[in-house]
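Participant: Got a predicted model here, sequence first, then my questions.
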Amino acid sequence: MRPCPSSLARPAASALPCPDPAGTPESDGCCCHPLPSPSPAMGSSHSISEETRQLAHKTGFTTDQIENLHRRFKQLSGDQLTIRKENFDRVPDLEFNPIRSKIIQAFFDKRNLRGASEGFVDEINFEDFLTIMSNFRPIELNMDEEQLDRFRKQKLKFLFHMYDGDSDGKITLQEYRNVVQQMLSGNPHLDKESARSIADGAMMEAASICVGQMEPDQVYEGITFDDFLKIWEGIDIETKMHVRFLTLEPMALCY
């Protein structure tokens, strides 16, 4: 997969694992089974069905999609109730992703799971897994304008957290440089200095969009989330951030 290095927005969108509407229960050649209980306290088929319904309401996934993702969760966890970072070693398509570590960290980032200000958890359960994966749901045709706006902001908040490594609410130039260098690390034709130039240029563009004409001695301290929304205005994030339900396979978005 080749990331697009030409702007602040496109590198992030192309490098993220981008849930695929084609991932149906039949597509992996196995029949559907009722969703096993993610928690040991649940047992009856009625309670399982109710949990699935609640998860569908919370995440926006269909029950079929939840069952697909639960099968994948059980594969990753080795039939355990939780997943740790090392379990993502079982996803071969992530092995060569240049920002593999950031993608995996995102699953354990408290900002994405609990709405906390910072920190990471050591392991996640199935509900946590679904919460993270819901950021990659494809757009639904029946969404109204308000739902689309909320859906878009949810995706962009998740993406913003991947850039904002120190959880201070701003993407600094150095944080952006680090991401660009990681993304371009597999390109033999671009060295660190080239990556640095790309990051610096993108940050200057971001400053011009968000601040406008800057004074010669004015310093742009970093991209806030409100700035991030402005930068992504008019860019189709809704269809770019998705991932294959059955394989978690990252998809190339630019060529």
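Facilitator: Looks like it arrived, so ask away. As the structure is a computational prediction, the values presented were derived from the model and not from experiment.
Participant: which stretches of the stretch 101-250 of the chain have low pLDDT?
Facilitator: Applying pLDDT under 70 to the stretch 101-250 of the chain picks out residues 213-217, 238-250.
Participant: Strands of that one, residue ranges please.
Facilitator: Here the stretch 101-250 of the chain has its strands, by DSSP state E, counting those that start in this stretch, at 123-125.
Participant: in it, which spans are helices?
Facilitator: Assigned by DSSP state H, counting those that start in this stretch, the helices in the stretch 101-250 of the chain fall at 110-113, 126-133, 145-163, 173-183, 192-210, 225-231, 237-240.
Participant: Now Arg90. Nearest residue, chain neighbours left out?
Facilitator: In space, Arg90 comes closest to Leu76 once its chain neighbours are excluded; the distance is 5.5 Å by CB to CB, 6 or more residues apart in numbering. Every residue, glycine included, has its C-beta placed from N, CA and C.
Participant: what's the offset of the helix or strand harbouring the one you found from the middle of its chain?
Facilitator: Counting by DSSP states H and E, the element that carries Leu76 is helix 63-77. Here helix 63-77 is found 17 Å from its chain centre; the criterion is CA atoms, centre = their mean, to the nearest Å.
Participant: now for it, which elements pack on it?
Facilitator: Packing partners of helix 63-77 (3 or more CB pairs under 8 Å, 6 or more residues apart in numbering; DSSP states H and E): helix 45-59, strand 82-84, helix 126-133.
Participant: Same list (those) but as CSV, adding distance to Arg196.
Facilitator: Below are the helices and strands packed on helix 63-77 laid out as CSV (distance: least, CB to CB, whole Å):
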stretch, distance to Arg196
helix 45-59, 39
strand 82-84, 34
helix 126-133, 31
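Participant: ranking these by burial, who's on top?
Facilitator: Ranked by mean neighbour count, the helices and strands packed on helix 63-77 are led by helix 126-133 with a mean of 20 (mean count of other CB atoms under 10 Å).
Participant: which strands and helices sit next to that one?
Facilitator: Using 3+ CB pairs under 8 Å, 6+ apart, the elements in contact with helix 126-133 are helix 45-59, helix 63-77, helix 100-108, helix 110-113.
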